[in-house]
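Chemist: next comes the sequence, and after it the predicted model I'd like to discuss.
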Amino acid sequence: MKTGLFKMIVVIALLVVGQSTYAIAQQTKNSNTSAKTHMKESGKETVAAGKSLGGNIKHGRVVRGGKHFGKHVGRAGKHFGKGTAIAAKKTGKAVKNAAKP
């Protein structure tokens, strides 16, 4: 009885510590990345798409290769879109500030 209760307390304590560590890690994440970073990540993702497709085709896994290729290209598009949005906002603010009389 005592060992079962002790195990339960230890598991609960570990869960609490693990969740608090995870929450702290999420708060310190830098989400203010530049347009350049997103564009570079888009290119890296496209390279990964081609490599995964080629490797899967080489081993005869055509459908799996297509699936992974699509996932990588989608992620690349996401990064490219975010980079474009950041660049457009930055340019728009600069033009707005420059055009003030």
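Modeler: Sure thing, it's come through.
Chemist: next, count neighbours for Val47.
Modeler: 11 (other Cβ atoms under 10 Å). C-beta coordinates here come from the backbone N, C-alpha and C atoms, glycine included.
Chemist: ok, it - contacts?
Modeler: When the contact criterion is Cβ atoms under 8 Å, 6 or more residues apart in numbering, Val47 has no partners at all.
Chemist: longest helix in the protein, please.
Modeler: helix 62-98 (DSSP state H).
Chemist: and that helix, how far out from the chain's middle?
Modeler: Relative to its parent chain, helix 62-98 has a centroid offset of 12 Å by Cα atoms, centre = their mean, to the nearest Å.
Chemist: stretch 39-53 too?
Modeler: Centroid separation between stretch 39-53 and its chain, computed with Cα atoms, centre = their mean, is 13 Å.
Chemist: quick one: average confidence on it?
Modeler: For stretch 39-53, mean pLDDT is 94.
Chemist: mind listing what's buried along that stretch?
Modeler: Met39, Glu41, Ser42, Glu45, Thr46, Ala48, Ala49, Ser52, Leu53 (16 or more other Cβ atoms under 10 Å).
Chemist: switch those residues over to TSV; also include secondary structure and distance to Gly92.
Modeler: Below are those laid out as TSV (DSSP: H, G, I helix; E, B strand; the rest coil; distance: Cβ to Cβ, whole Å):
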residue	secondary structure	distance to Gly92
Met39	helix	18
Glu41	helix	23
Ser42	helix	21
Glu45	helix	26
Thr46	helix	27
Ala48	helix	32
Ala49	helix	31
Ser52	helix	36
Leu53	helix	37
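Chemist: going by distance to Ala76, which of these wins?
Modeler: Ala76 lies nearest to Glu45 out of these, by Cβ to Cβ, at 3.8 Å.
Chemist: much appreciated, bye for now.
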